[in-house]
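Undergrad: no sequence for this one, just the structure:
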């Protein structure tokens, strides 16, 4: 902050060159639509860390949050054969399934580890190679444990949420099933370029996340809207009105 104190709510911004990714070949995509990628880049870093591969099954816990929903859409874009969106908000889960398409299904979690693990097993058709945890401010580890118990041998659990309690690890189950538990904060250098490639190729369609655009003069209204925005909405602030 001492070296780079200025933000990006301006027509021009001064930032380190290493922090800039050219958005080449995307001139036909509206800038407000590209701004949605700031929602996607964080879970993309986690899915890269989990080495999600085409044809694998992915479970996303916390799928009804902003980042969790983006993780579901990214799982589809990265070639997962099946993405199971897990959360407790039934209506939001239905919206995520509609946005994700035919390769996405949902599980409404009850909070009971064993019953939720059984429901995830049925939805996965046996189990998943990757579980991605993006539960925000969880006061219990039940959703994370249910996903962990539904991993296939050699499966990977990626932790990117903000759970406020400890995660009790079933030592024997992790050892006997060759499981990996991976923590990931943000995303690696170069991830934005790979994310833009998904958009450029048409594999990632960010139009499912609707943008509400405000001018800088309406910043207070934009911040108020951002406080209550849904998981399939994104608030974008333009420093100046669009041309025309």
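TA: That came in fine, so what should we check first? Owing to the predicted nature of the structure, the values given are computational and were not obtained by experimental measurement. Residues are numbered from 1 along each chain as shown.

Undergrad: What residues of the host helix or strand of residue 181 count as buried?
TA: Element membership of residue 181, judged by DSSP states H and E, is strand 180-183. Within strand 180-183, the residues that qualify as buried by neighbour count (16 or more other C-beta atoms under 10 Å) are residue 181. (Glycine included, C-beta is placed from N, CA and C.)

Undergrad: got it, and stretch 147-163?
TA: Buried positions in stretch 147-163, judged by neighbour count with 16+ other C-beta under 10 Å: 147-152, 155-161, 163.

Undergrad: cool, and stretch 175-193?
TA: Neighbour counts over stretch 175-193 (16+ other C-beta under 10 Å) mark 177, 179, 181, 184, 187, 191-192 as buried.

Undergrad: which of those lies closest to residue 218?
TA: residue 192 (27.6 Å; C-beta to C-beta).

Undergrad: does the most centrally placed residue in the chain count as helix, strand or coil?
TA: By C-alpha atoms, centre = their mean, the chain has its centre lying nearest to residue 71, at 2.9 Å. Secondary structure, DSSP: H, G, I helix; E, B strand; the rest coil: residue 71 is helix.

Undergrad: Residue 64 is in contact with that one, correct?
TA: No - Residue 71 is beyond contact range of residue 64, at 11.1 Å (criterion: C-beta atoms under 8 Å).

Undergrad: Show residues contacting the helix or strand containing residue 58.
TA: In the assignment (DSSP H and E), residue 58 maps to strand 57-61. Contact with strand 57-61 is made by 47, 52, 68, 71-72, 75, 80-87, 109, 120, 124-125, 127-135, 143-144, 146-147, 150, 161, as judged by C-beta atoms under 8 Å, 6 or more residues apart in numbering.

Undergrad: Just the buried subset of those, please.
TA: Judged by 16+ other C-beta under 10 Å, buried ones among these: 47, 52, 68, 71-72, 75, 80, 82-87, 109, 120, 124, 127-135, 143-144, 146-147, 150, 161.

Undergrad: strand partners of the strand holding residue 181, parallel vs antiparallel please.
TA: strand 151-159 (parallel) (DSSP bridges).

Undergrad: Let me know the angle separating the strand it pairs with from strand 57-61.
TA: Following axes from the mean of the first three to the mean of the last three C-alpha atoms, to 10 degrees, one obtains 40 degrees for the angle between strand 151-159 and strand 57-61.

Undergrad: Can we start the residue count at 81 from this point?
TA: Will do, 81 is the new start, and the previous item becomes strand 231-239.

Undergrad: Give me the contacts around strand 231-239.
TA: Applying C-beta under 8 Å, 6+ apart, the set of residues contacting strand 231-239 is 126-127, 129-131, 206-213, 224, 227-228, 247, 257-264.

Undergrad: burial count for residue 201?
TA: Using other C-beta atoms under 10 Å, the number of residues around residue 201 comes to 16.

Undergrad: Apologies, that question was intended for residue 220.
TA: Neighbours of residue 220 (other C-beta under 10 Å): 13.

Undergrad: do you know how far it is from residue 171?
TA: Distance of residue 220 to residue 171, computed by C-beta to C-beta, to the nearest Å: 22 Å.

Undergrad: before we move on, back to that, quick check, nearest of the buried residues of stretch 255-273 to residue 86?
TA: Distance to residue 86 across the buried residues of stretch 255-273 (C-beta to C-beta) is lowest for residue 272, with 20.2 Å.
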